[in-house]
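Asks: With the sequence up front, the predicted model follows.
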Amino acid sequence: MRVDPSPDINEKALRGLLFQSSDFKSSDLEVGERCFRLFYLETMIEPAAVQEHIIRPLLRHTDITVREAVSILDYQETDLLTIASEALVEGKTVLQIFGEEKLYLLKTELSKERTVNVPLNERVLRGSNEALIENLQTNINLMRKLIATPDLAVKFYQLGRRSNTKVAVLYLHSLVNEVVLKEFERRIGAIDIDYVEAPGFLQELIQDRKFSLFPQILVSERPDRIRSYLMNGQIAILTDGSPDGLIVPVSFWSFFQSPDDYQINWLLGSTFRFLRIICFIIAITLPGAYVALVTFDPRILPYEITLTLQSSMQYIALPPVFEALFMLGTLEILRESSVRLPSQIGQTIGVVGGIVIGTIVVQSNLISNMMVIVVAFTGIASFIVPSHEMSSAARLLTYPFIILSALFGLLGLMLSFLLVLTHLARINTMGIPYFYSGLSGDTIKDTFFRAPLWSLKKRTQESLAQDKTRIRTPRE
C-alpha cells in the first residue's frame, strides 16, 4: 500500500493496519510554510526523545531537510504504509510532510530493561559476575566487549511469522567451519512458525535427534562461557527477550564442563570434572543397582551389608522396585514445588517436606531406611551436573534403569548401559559425532579431566575449527 500525499488518508490506513489500536496517536506540527504530522504508538515511544531529537530540531531549522534536522542515527525513508506500520510496532515515530508521498521512520523507542546482574543459574566461585539479560542489543554489547576483534561476525534473523522475534547469530569468521555454518543457516532459515519462545523452540527446531533425552545444544547465561566456545570455533545464538544463549555444535562432554575448571589449578579442575561424570553415572544407576542386588543377587554383597539390608526390609510392605519409584517420584514433586514457589517458601517446603515425608514413610514401614539413603544420594548426585538439561536427563534415565533392573537383575542394568551408550554413539549434532568426538586425539585432554593449559594446544574436535592451533609455543 503506497503512501498518499494526504496525511489524513495515511492515518486512516495505518489505523486499519494496526486494527484500530487505541494507543495509536498522531499530532500535527507547523513550522513556517511546512506542516508535519507525527504518527506513533504512545506505549512504544520515549516522549523525551521525540521532543528533543525531532520536534525541537524541526522548530529550530525551518529551511533544511528532515535528514539534516533530526539528530537520530536510525533514520529511514519509505513509501510503503506496511513498512511504516511495522516501524510503529518497533517503537519508531513516523513523520510525514504534508503533500509528500514518503514517510520518515525515526527511532524513538522506549527502552525498559533490567541492569546486567550476576548469573542466577550458573554461579561460579571465580570468574566474571556478568550475566545476559533480555535485551539483545545489550547482550551483543557484552559479547563485543569480551571479544574486541573485527573477526566477530553478527548476523540477524527474524523468526516467527507473527512475533517477528529478532535472533542474532555470532561466530568468529576465521575459526568457524564453513560447512557447519551453512548447515546451521539452512536449518534456522527453514523455520516457519507463528512465534518463537526462545530458547526452547530453537533447541527443538534445529537439533538432530528430536526424541532424545540428551541435550544437543548447550544453554548458558554467562557471556564469558559463550566467549570460550566462540573462541573454539563454535556458533552462539542470542534471542531478543531471552537471557540465555545457545551454543552449537557441542559434544556430550561439554555439559560437564564449568568455567570454574579453568580458573583453578588443573589438578583441582580435573578432580571436580571427573567427580561430575562419576556422579552422573551414579545418578542414573544407583537405584537400579540397589533394586537388582536386593531383588536378585544379594549374595554378591558382603555378609554384613546383606544382614543390614535384610533387617531394614524385614517389615517393609512394598517391593524394592515400587519403593524406588515412589521415593524418586516424591523427590521430583518436592523439587518442582520448591522451584515454583517463591524462593523463601520454596526452600522451607523443600527441607521440611523432605524431612517429614522421609520420617513418615520409614516409620510406617512403607519404605526402608536404605532406600531413603539411596534416593537421597541419587538426588544429590544429579544436582552436581552444571547443565540443568543434562541433570534433568539423568533424573529421567533413572526410571528405565530401575524397571529393567527389576525385571532382569544385574543383566538388565548392563543392558540399560548398553542401550544408552548405543544411543549416544548414534547421535550427531550439526553432522558431528555427539559422544565419541570428545574421546579422540587431543580432545580427550579436555573431557574426563582438564589437562594443563599449556598442553591444550589444539582446539576440540567437535568444533571443526578452521584454525586448529590454540597455543603456539616458541619451540614450534
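Replies: All right, it came through fine.

Asks: Show me what the longest helix seen in the chain is packed up against.
Replies: In the chain, assigned by DSSP state H, the helix with the most residues is helix 266-295. Judged by 3 or more C-beta pairs under 8 Å, 6 or more residues apart in numbering; DSSP states H and E, the packing partners of helix 266-295 are helix 320-340, helix 369-383, helix 388-408, helix 410-426. For the C-beta atoms, the positions are set from N, CA and C on the backbone; glycine is no exception.

Asks: looking at those helices, which is closest to residue 88?
Replies: helix 320-340 (37.5 Å; C-beta to C-beta).

Asks: Go ahead and name everything in contact with that closest one.
Replies: 287-288, 290-291, 294-295, 313, 316, 318, 346-347, 349-350, 353-354, 357, 361, 366-368, 371-372, 374-375, 378-379, 395, 398-399, 402-403, 405-406 (C-beta atoms under 8 Å, 6 or more residues apart in numbering).

Asks: okay, that helix in CSV with CA atoms only?
Replies: Below are the C-alpha coordinates for helix 320-340, written out as CSV (Å, rounded to 0.1, in the frame of the first residue of the first chain):
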residue,chain,number,x,y,z
PRO,A,320,12.1,-52.6,46.2
VAL,A,321,11.1,-51.5,42.7
PHE,A,322,8.0,-49.7,44.0
GLU,A,323,10.0,-48.3,46.8
ALA,A,324,12.4,-46.7,44.4
LEU,A,325,9.8,-45.4,42.0
PHE,A,326,7.7,-44.0,44.9
MET,A,327,10.6,-42.2,46.5
LEU,A,328,12.0,-40.8,43.3
GLY,A,329,8.6,-39.5,42.3
THR,A,330,8.2,-37.9,45.7
LEU,A,331,11.7,-36.3,45.3
GLU,A,332,10.6,-34.9,41.9
ILE,A,333,7.4,-33.5,43.4
LEU,A,334,9.4,-31.8,46.2
ARG,A,335,11.9,-30.3,43.7
GLU,A,336,9.2,-29.0,41.4
SER,A,337,7.2,-27.5,44.2
SER,A,338,10.3,-25.7,45.7
VAL,A,339,11.1,-24.3,42.2
ARG,A,340,7.6,-22.9,41.5
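
Asks: before we move on, back to that, please, a ChimeraX command that selects the buried ones among the contacts of helix 320-340?
Replies: To isolate in ChimeraX the members of the contacts of helix 320-340 that are buried, counting by 16 or more other C-beta atoms under 10 Å, one can use:
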select :287,288,290,291,294,313,316,318,346,349,350,354,357,361,366,367,368,371,372,374,375,378,379,395,398,399,402,403,405,406
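
Asks: Can you give me the buried ones in the longest helix of the chain?
Replies: Buried, per 16+ other C-beta under 10 Å, within helix 266-295: 266, 269-270, 272-273, 276-277, 279-280, 282-294.

Asks: do stretch 108-126 as well
Replies: Buried-residue list, stretch 108-126, by 16+ other C-beta under 10 Å: 108, 116, 119, 122, 124.

Asks: quick one, what contacts the last one?
Replies: If a contact means C-beta under 8 Å, 6+ apart, then residue 124 has 258-260, 263 as its contacts.

Asks: Would you mind giving both backbone torsions of it?
Replies: Residue 124 has phi and psi values of phi -130, psi 160 when expressed as degrees, to the nearest 10.

Asks: And for the fourth one?
Replies: The phi/psi pair for residue 122 (degrees, to the nearest 10) reads phi -130, psi 60.

Asks: Quick check: it touching residue 219?
Replies: No: with contact defined as C-beta atoms under 8 Å, residue 122 does not reach residue 219; the gap is 9.5 Å.

Asks: before we move on, back to that, Serialize the buried residues of stretch 108-126 to a markdown table and add fields for distance to residue 231 and pLDDT.
Replies: Compiled in a markdown table, those are given as follows (distance: C-beta to C-beta, whole Å; pLDDT from 0 to 100):
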| residue | distance to residue 231 | pLDDT |
| --- | --- | --- |
| 108 | 37 | 90 |
| 116 | 21 | 81 |
| 119 | 19 | 83 |
| 122 | 18 | 83 |
| 124 | 18 | 77 |
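
Asks: out of those, who's nearest residue 147?
Replies: Among the buried residues of stretch 108-126, and counting by C-beta to C-beta, the member closest to residue 147 is residue 116, at 16.7 Å.

Asks: Just confirm that closest one is within a helix.
Replies: No: per DSSP: H, G, I helix; E, B strand; the rest coil, residue 116 lies outside any helix segment and is coil.

Asks: Next, give phi and psi for it.
Replies: With angles defined as degrees, to the nearest 10, residue 116 sits at phi -60, psi 130.

Asks: Who are the contact partners of the residue nearest to it when sequence neighbours are not counted?
Replies: With sequence-adjacent residues excluded and distances taken as C-beta to C-beta, 6 or more residues apart in numbering, residue 116 is closest to residue 130, at 5.4 Å. By C-beta under 8 Å, 6+ apart, residue 130 lies in contact with 116, 118-119, 142, 222-224.

Asks: Read off the pLDDT value for the nearest residue to residue 461 once chain neighbours are set aside.
Replies: Spatial nearest neighbour of residue 461, excluding adjacent residues (C-beta to C-beta, 6+ apart): residue 443 at 4.4 Å. pLDDT for residue 443: 72.

Asks: just residue 98 next, same as before
Replies: 93.

Asks: Just say helix, strand or coil for the residue lying closest to it once chain neighbours are set aside.
Replies: Leaving aside its sequence neighbours, residue 98 sits nearest to residue 35 (C-beta to C-beta, 6+ apart; 4.3 Å). Secondary structure, three-state DSSP: residue 35 is strand.

Asks: And residue 27, by the same measure?
Replies: At residue 27, secondary structure determined by three-state DSSP is strand.

Asks: quick one, phi/psi of the residue nearest to it when sequence neighbours are not counted?
Replies: Distances taken as C-beta to C-beta, 6+ apart place residue 38 nearest to residue 27, at 5.1 Å, with adjacent residues excluded. Phi and psi for residue 38, reported as degrees, to the nearest 10, are phi -100, psi 130.

Asks: ok, now residue 156?
Replies: Taking degrees, to the nearest 10 as the convention, residue 156 sits at phi -100, psi 140.
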